[in-house]
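Colleague: could you look at this predicted model? Sequence included:
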2 protein chains.
Amino acid sequence: MKLLYKGKTKDVYDLENGFYSLQFKDDVTGEDGVFDPGANTVGLTIEGAGLACLRMTSYFYNKLNESGVPTHFVAANIEDATMTVRPATVFGKGLEVICRFKAVGSFLRRYGAYAEEGQDLDAFVEVTLKDDERKDPPISKDGLAMLNILTPQEYDILEERTVAIAKFVQTELAKKGLTLYDIKLEFGRDAKTNDIILIDEISGGNMRAYKGDEYIEPLTLEKIVLEDVI
Amino acid sequence: MKLLYKGKTKDVYDLENGFYSLQFKDDVTGEDGVFDPGANTVGLTIEGAGLACLRMTSYFYNKLNESGVPTHFVAANIEDATMTVRPATVFGKGLEVICRFKAVGSFLRRYGAYAEEGQDLDAFVEVTLKDDERKDPPISKDGLAMLNILTPQEYDILEERTVAIAKFVQTELAKKGLTLYDIKLEFGRDAKTNDIILIDEISGGNMRAYKGDEYIEPLTLEKIVLEDVI
């Protein structure tokens, strides 16, 4: 088992059997000691955060695989907080794909002249480049094509899968009385099949969920989603 | 003649004969006393700037009208620095449409991880919202549709016209040995026909032009473009 990459919240190992292993850590992103899933720096360590993230991810990815939406997920190993995944290459230097059901966050900061806070959005998809230095700039379908990051055809697949996954998570949260405001996903190309697959994770830190008017913190959200599962 | 609106660089009057009149001023946008066409504030006054802008605009809009690209231009009145135009309504609170032939400026600031400075771009079109407070945020075709600013069909017309106009200006500048890097346009709906027409102006301040490696200042550019015209 060879260490390939040390990430902010996960380390990646080559299992040398055709799969990779993701080691989930208790480090979470944030600034000045405050947990902020949108931040680009590791802010603090929360005991159990890695395992909670792994359990939520494996819960959703299992269900997505079953329903025919391809993900990199192969198996979860709860004891050592690792997840076995199919190797995948990211698009360019990595993209974040956001699906929005409510106008909040950076959407509202940009388009507040045209949208009210909390206004319904119809599974609106946006793509940003993963680029800490340039503050993850948004990029259009045309821009992705011109910079040879994604073809227009690939963009359409990405968008369709994003909406399908976001609506799936929305429905799962609704069963717990929660409203999904937005969710951030990552995709890559399956290293063997070249298919566009969901990679990374789906955890409390990837989404904004509310119970009525109350924002649900990532770790609380993971507890609520998983409470009947085990 | 009724004053409708006092703008940063132009005032708008209703001629009460079905047309509007734009009064070009010598105020130019900039910051700290330095001329910056991209700035959102009036920085200084340059004698003759308004007239130079009017002359360049009327030169290009005349030619565009002739070639079948619809603009709001009706006639220029050089003596009093005014331009008679068709009334038009802007999309939402106004859009800026940028066409890029070279990777510089905000494009490079956003996508510098994927593009080198000065790299060729294939008439790449981007739209930003006119919103000083939110620093003119970029917006996608999907975003414009969702916020009811432009339908996807209208976006396609806007994009096609933008490329046609930008290539026309590029060709005109090339005749003077100049290279067009990028240009910023504004469109609106003709108040009578509802057609999508080019509004505002095409002046040195709307574009970046170079002679070899040397950036040509807006007022110098206007002089070069118009030098054989009068």
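Modeller: Everything's here; your move.
Colleague: from now on I want contacts and neighbour counts done on CA atoms only, so please keep to that.
Modeller: Fine.
Colleague: okay, the spatially most central residue of chain A: pLDDT?
Modeller: In chain A, the C-alpha nearest the mean C-alpha coordinate belongs to A:L185, at 3.4 Å (CA atoms, centre = their mean). At A:L185, the model reports a pLDDT of 98.
Colleague: the residue nearest to it when sequence neighbours are not counted and A:D136, how far apart?
Modeller: Closest residue in space to A:L185, ignoring its immediate chain neighbours: A:V97 at 5.1 Å, by CA to CA, 6 or more residues apart in numbering or on different chains. Distance of A:V97 to A:D136, given as CA to CA, to the nearest Å: 11 Å.
Colleague: neighbour-wise, which of the two wins?
Modeller: Neighbours were counted for A:V97 and for A:D136 using other CA atoms under 10 Å in any protein chain shown; A:V97 has more, 20 against 17.
Colleague: I figured the residue nearest to the centre of chain A was touching A:E96, is that so?
Modeller: Yes: between A:L185 and A:E96 there is a contact under CA atoms under 8 Å: 5.8 Å.
Colleague: just to revisit the earlier point, contacting residues for the residue nearest to the centre of chain A?
Modeller: When contacts are counted by CA atoms under 8 Å, 6 or more residues apart in numbering or on different chains, A:L185 touches A:96-98, A:162, A:198-202, A:206.
Colleague: which SSE is the spatially closest residue to A:L121 that is not a sequence neighbour in?
Modeller: Excluding the flanking residues, the one nearest A:L121 by CA to CA, 6+ apart is A:F101, at 4.6 Å. Applying DSSP states H and E as the criterion places A:F101 in strand A:95-102.
Colleague: again, but for A:T220
Modeller: helix A:218-226.
Colleague: contacts for that helix, please.
Modeller: A:49, A:52-53, A:55-56, A:173, A:176, A:203-205, A:207, A:209.
Colleague: quick one: the helix ranked longest in chain A to helix A:218-226, angle?
Modeller: In chain A, with assignment by DSSP state H, the single longest helix is helix A:152-175. If you take axes from the mean of the first three to the mean of the last three CA atoms, to 10 degrees, helix A:152-175 sits at 80 degrees to helix A:218-226.
Colleague: just the residues contacting helix A:152-175, thanks.
Modeller: A:60, A:64, A:69, A:97-99, A:123, A:125, A:141-142, A:145, A:179-180, A:183, A:185, A:187, A:196, A:225.
Colleague: apply 6 Å and report the result again.
Modeller: Taking contacts as CA atoms under 6 Å, 6 or more residues apart in numbering or on different chains, the residues outside helix A:152-175 that touch it are A:L180.
Colleague: which parts of chain A sit against chain B?
Modeller: A:110, A:137, A:140 (CA under 6 Å from any CA of the partner chain).
Colleague: if you set the cut-off to 8 Å instead, what comes out?
Modeller: A:109-111, A:113-115, A:121-122, A:124, A:131, A:134, A:137-138, A:140, A:142-143, A:146-147 (CA under 8 Å from any CA of the partner chain).
Colleague: domains of chain A?
Modeller: Per the record, chain A has its domains at A:2-88, A:91-225, by automatic domain parsing.
Colleague: need these in JSON lines (columns: distance to B:Q153).
Modeller: Listed next are the domains of chain A as JSON lines, based on distance: least, CA to CA, whole Å:
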{"stretch": "domain A:2-88", "distance to B:Q153": "31"}
{"stretch": "domain A:91-225", "distance to B:Q153": "16"}
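Colleague: who touches both of A:V97 and A:D136?
Modeller: A:T128.
Colleague: quick check: mean pLDDT across the longest strand along chain A?
Modeller: Using DSSP state E, we find that the single longest strand of chain A is strand A:120-129. The pLDDT scores in strand A:120-129 average 97.
Colleague: repeat that for stretch A:13-27.
Modeller: In the prediction, stretch A:13-27 has an average pLDDT of 95.
Colleague: stretch A:53-60 too?
Modeller: 96.
Colleague: and that stretch, how far out from the chain's middle?
Modeller: 11 Å (CA atoms, centre = their mean, to the nearest Å).
Colleague: torsion angles phi and psi at the residue of chain A positioned farthest from its centre?
Modeller: Farthest-out residue of chain A from its mean C-alpha position, per CA atoms, centre = their mean: A:A113, at 28.0 Å. Per-residue torsions, A:A113: phi -70, psi -10 (degrees, to the nearest 10).
Colleague: and the helices in chain A?
Modeller: Counting by DSSP H, the helices of chain A are A:49-66, A:105-111, A:141-146, A:152-175, A:218-226.
Colleague: for stretch A:199-207, which outside residues touch it?
Modeller: Contacts for stretch A:199-207 (CA under 8 Å, 6+ apart): A:36-38, A:52-54, A:56-57, A:60-61, A:71-73, A:88, A:180-188, A:217-219, A:221-222.
Colleague: may I see the buried residues of that stretch?
Modeller: Within stretch A:199-207, the residues scored as buried using 16 or more other CA atoms under 10 Å in any protein chain shown are A:199-207.
Colleague: and for stretch A:168-177?
Modeller: Quick answer for stretch A:168-177 (16+ other CA under 10 Å): A:168-170, A:172-173.
Colleague: re the thing from before, averaged pLDDT, the helix holding A:T220. What do you get?
Modeller: Rounded mean pLDDT across helix A:218-226 is 93.
Colleague: quick one: that helix to chain centroid distance?
Modeller: 15 Å.
Colleague: by how many degrees do that helix and helix A:49-66 diverge?
Modeller: Using the same axes, to 10 degrees: helix A:218-226 against helix A:49-66 is 40 degrees.
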